[in-house]
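> the sequence and its predicted three-dimensional model are supplied below.
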Amino acid sequence: MRKKIVAGNWKMNMDLAEGLKLASSIDKYFSENPSNKATVIVCTPFIHLAGAHEILKHGKIALGAQNCASEASGAFTGEISAWMVKSTGAEYVIIGHSERRSYYNEDDKTLNKKTLLAINSGLKVIFCCGEVLKEREEKKHFLIVKRQLEEGLFPLSVEQMDKIVIAYEPVWAIGTGLTASPDQAQEMHKYIRDMVKEKYGNECAKKLPVLYGGSCKPSNAAEIFSKPDVDGGLIGGAALNKEDFTAIVEAV
Ligand code: PGA
């Protein structure tokens, strides 16, 4: 059985004190109410990572970043490398989020470079894919996700795929209040798993976690998570609030 995962993506929210306060309250909640059904991850801004690691290191919650550089080190002012992320105690990094793809022009090739650097630095990667509304309306959503995975992920070896969690996030559902229906999510998750099976074999496909993201909240999480190929969620807005985030984990 695949273990379920619920990962919070804090995006560019909260100053250092606010972020550490949220990390402490989530940590306290899961120390008192351990979730044996799901792996819980919080992906914080870079500046929170080291402090959040101090808070979370003895508890049950794993830590991740939301991005890393596409180069290993050197004269890249303002960038944060995968290795630097790893050195904070983080275990995960989100790569290929639609906000990175669209606002920062990150293409599939760059995302593949980042993914390899992250894995080689000892991180696990939450690799995001998903179509925009126009692409879904034109019924190109499968083609888009296929291209994102083939170019961004499939240069990886089967051993490297062990370090991957895929997050399917239809862009039209992110932060909009719209969600994919449970059937739409299941349909795409199965498509993704079938692609992985064709490329890497059944063993790899069976153990690969595929998360859903896009306006997931306590009221819709249980239904989406109940689908056989949905292995949990990547949560944005609702991860900024302890009550909502913990309720979504409980919905697994
Ligand atoms: P949302 O964001 O839950 O606020 O829609 C999800 C994400 O972007 O990861």
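Done, it's in. Numbering: from 1, shown residues only.

> going forward, measure contacts between C-alpha atoms and count neighbours the same way
OK.

> how about the strand or helix carrying I55: buried residues?
Here I55 sits within helix 49-56, counting by DSSP states H and E. For helix 49-56, the neighbour count (16 or more other Cα atoms under 10 Å) marks 49-53, 55-56 as buried.

> SS state for the residue positioned nearest the centre of the chain?
The C-alpha lying nearest the average C-alpha coordinate of the chain belongs to I126 (Cα atoms, centre = their mean; 4.0 Å). Following DSSP: H, G, I helix; E, B strand; the rest coil, I126 is assigned to strand.

> on that earlier part again, name the nearest of the buried residues of helix 49-56 relative to I119.
Set against I119, the nearest of the buried residues of helix 49-56 by Cα to Cα is L49 (18.2 Å).

> about what we covered before: would you turn the buried residues of helix 49-56 into a markdown table with pLDDT and distance to N112?
Listed next are those as a markdown table, based on pLDDT from 0 to 100; distance: Cα to Cα, whole Å:
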| residue | pLDDT | distance to N112 |
| --- | --- | --- |
| L49 | 98 | 23 |
| A50 | 98 | 26 |
| G51 | 98 | 29 |
| A52 | 98 | 27 |
| H53 | 98 | 27 |
| I55 | 98 | 31 |
| L56 | 97 | 29 |
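
> let's have those residues in CSV, adding distance to the ligand.
Shown next, in CSV, are the buried residues of helix 49-56 (distance: Cα to the nearest ligand atom, whole Å):
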residue, distance to the ligand
L49, 18
A50, 22
G51, 22
A52, 19
H53, 21
I55, 23
L56, 21
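
> show me where pLDDT drops low in the stretch 1-150 of the chain?
Within the stretch 1-150 of the chain, no stretch has pLDDT under 70.

> quick one, what contacts the residue in it positioned nearest to the ligand?
Nearest residue of the stretch 1-150 of the chain to the ligand, counting by Cα to the nearest ligand atom: N9, 5.6 Å away. Each residue near N9 by Cα atoms under 8 Å, 6 or more residues apart in numbering is listed here: 42-44, 66, 234-237, 239.

> which ChimeraX command selects the buried ones in those?
The buried residues among the contacts of N9 can be selected in ChimeraX (16+ other Cα under 10 Å) with this line:
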select :42,43,44,66,234,235,236,237,239
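
> what parts of this protein come near the ligand?
Selection of the chain residues close to the ligand by Cα under 6 Å from any ligand atom yields 9, 173-175, 213-216, 234-237.

> may I ask which two of those residues are separated the most?
Among those, N9 and A173 lie farthest apart (Cα to Cα), at 14.8 Å.

> ok so, going back, out of the contacts of N9, name the ones that lie in strands.
42-43, 234-235 (DSSP state E).

> can you give me the neighbour number for S31?
Number of residues near S31 (other Cα atoms under 10 Å) recorded here: 14.

> ok, S102 next?
Counted with other Cα under 10 Å, the neighbours of S102 add up to 11.

> ok, it to G237 distance?
Applying Cα to Cα, to the nearest Å, one obtains 19 Å for the distance of S102 from G237.

> which residues does V42 bridge with?
For V42, the beta-bridge partners are G8, L63 (DSSP bridges).

> what's near enough to touch it?
Contacts of V42 (Cα under 8 Å, 6+ apart): 7-10, 61-64.

> so for G51, what's the nearest residue that isn't a sequence neighbour?
Of all residues not flanking G51 in the chain, L20 sits nearest, at 6.9 Å (Cα to Cα, 6 or more residues apart in numbering).

> pretty sure that neighbour sits against H53.
No. The pair L20 / H53 is not scored as a contact, 9.6 Å apart, by Cα atoms under 8 Å.

> just checking, T77 is part of a helix?
No. Counting by three-state DSSP, T77 is not part of a helix but coil.

> begin at 40, not 1, for the rest of this chat.
Happy to do that; since the first residue is 40 now, the last one works out to T116.

> go ahead and confirm W122 touches S160.
Yes. Proximity of W122 to S160 meets the contact threshold set by Cα under 8 Å, at 5.2 Å.
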